[in-house]
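Enquirer: Pasting a predicted model and its sequence here:
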Amino acid sequence: MSDPKVLIIDDNSSDRALALRELKRLFPQLQYIEIIDENSFAQALEQDNFNIVITDYQLGWTTGLDILYRIKKQKPRCPIIMFTGTGSEEIAVSAMKAGLDDYVIKSPQHYIRLAAAVRSVWQRSQQHQALEEFKQSYYRFFERIPLGLYRLNPDGEIIEANSTLVKMLGYEQHEDIQGQSIFEYHLQPEAYLLWQQQLNGKEAVAEYEGQIKSLKGELIWVRHNAISVSDTQGNLTCYEGAVADITANKQAELERVELLNRERKAKEEAETVNRIKDEFLATLSHELRTPLNAVIGWVQLLRGGKMSEAQTTKAIDVIDRNAKAQNQLIDDLLDRTLAKVFYGIVKNYFYF
């Protein structure tokens, strides 16, 4: 704990010196400003370079109560100790009501008491400052974290919520969300309530995923993490939890599934096309080879020169018939191929 910066207000130089001597025993690095008149006091208020005030009551230019009022107006949390021998019980009570932290009678045996009083109020001031810093740190965390944080009463009604959750549910002000039942925003409230009931009696985090519908009608995928809080008797007091917006993750997951389905379908179509192509080529090969085989066979017989006139005539007829069949088959194949090519050209022209 650092040493205080003391404003010591007393127009008696001996009293100031005795008080400072005792204070320096407790606070070797004590920083102080001595105030002896209105000008030095006004200057100290303007500079605002102190965090504890020790003041006499009866001053040549004002009173300790006036000092108290003026300092508390500017620095409400600044500790003030009145160290005086001219006060009264009535003055002490009035000063305490106005925010005085301690009242010490000015006498030789009370100088040590003054140092102890300064140490006490300084410790309380430091503790209070640490608590305020913690509260501010907690508030910044609570408000700025990109998660919807909340506290619910045992009935599921919102006691406290941060700005992220307020906006997520479609509200503008924190006050508008107070008392709302969070399960009403879930598209499957029964499933959410069942999950919430599973938290009862447990001090462990549980997870739930589902969709909520905001006040503006937006559908949002969320992931809940929550914990039930019980008192010392084991009675449920509240739920504390966090809500994460996972809509983008869900959309990415759905897109990934759709992409996989498209790839699977494309693969199946490619396999089907390949199978049909193989079947077509096999059929085409058979259709083309059948007349060719007949032509080649009869040509070889004719070249042998051992056929009769009737057989020769038959051979020529068979060759002619199969040659024409082959020609017709090729024409049909070319016609179908050209038709497909033309269809592809037209389709590309009109649709792309």
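Expert: Noted; the coordinates are in hand. Predicted model, so just to flag it, every value in this text is computed and none were measured.

Enquirer: So for the protein, which residue is the most central one in space?
Expert: Nearest residue to the geometric centre of the chain (CA atoms, centre = their mean): residue 146, 2.2 Å.

Enquirer: That residue falls within a helix, correct?
Expert: No - the assignment for residue 146, made by DSSP: H, G, I helix; E, B strand; the rest coil, is coil rather than a helix.

Enquirer: who's in contact with it?
Expert: If a contact means CB atoms under 8 Å, 6 or more residues apart in numbering, then residue 146 has residue 164 as its contacts. No exception for glycine: its C-beta is placed from N, CA and C like everyone else's.

Enquirer: Give me the distance between it and residue 66.
Expert: Counting by CB to CB, to the nearest Å, the separation of residue 146 from residue 66 is 51 Å.

Enquirer: which residue ranges form the helices in the stretch 251-352 of the chain?
Expert: With DSSP state H, counting those that start in this stretch as the criterion, the stretch 251-352 of the chain has helices at 309-351.

Enquirer: what bits of it have low per-residue confidence?
Expert: In the prediction, the stretch 251-352 of the chain carries residues with pLDDT under 70 at positions 284, 334-352.

Enquirer: So in terms of bridging, what pairs with residue 223?
Expert: Assessed by DSSP bridges, residue 223 has beta-bridge partners residue 209, residue 244.

Enquirer: And it, what's its pLDDT?
Expert: At residue 223, the model reports a pLDDT of 87.

Enquirer: Go ahead and confirm it touches residue 243.
Expert: Yes - here residue 223 reaches residue 243: they are 7.3 Å apart, a contact under CB atoms under 8 Å.

Enquirer: quick one: which of those two has more around it?
Expert: More neighbours surround residue 243 than the other of residue 223 and residue 243, with 25 against 16 (other CB atoms under 10 Å).

Enquirer: Distance check, the more buried one against residue 286.
Expert: In terms of CB to CB, residue 243 sits 68 Å off from residue 286.

Enquirer: Likewise for residue 242?
Expert: 70 Å.

Enquirer: The two: which is more packed in?
Expert: Shown here are residue 242 and residue 286; by other CB under 10 Å, residue 242 has more neighbours (19 against 9).

Enquirer: so residue 8 touches residue 36, yeah?
Expert: No - using CB under 8 Å, residue 8 is not in contact with residue 36, being 9.8 Å away.

Enquirer: Point out where the stretch 51-200 of the chain drops to low pLDDT.
Expert: 200.

Enquirer: which residues of it fall in strands?
Expert: 52-55, 80-84, 102-105, 148-152, 158-161 (DSSP state E, counting those that start in this stretch).

Enquirer: In TSV, list those along with mean neighbour count and distance to residue 307.
Expert: Shown next, in TSV, are the strands of the stretch 51-200 of the chain (neighbours: other CB atoms under 10 Å; distance: least, CB to CB, whole Å):
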stretch	mean neighbour count	distance to residue 307
strand 52-55	25	136
strand 80-84	24	139
strand 102-105	19	141
strand 148-152	21	98
strand 158-161	18	104
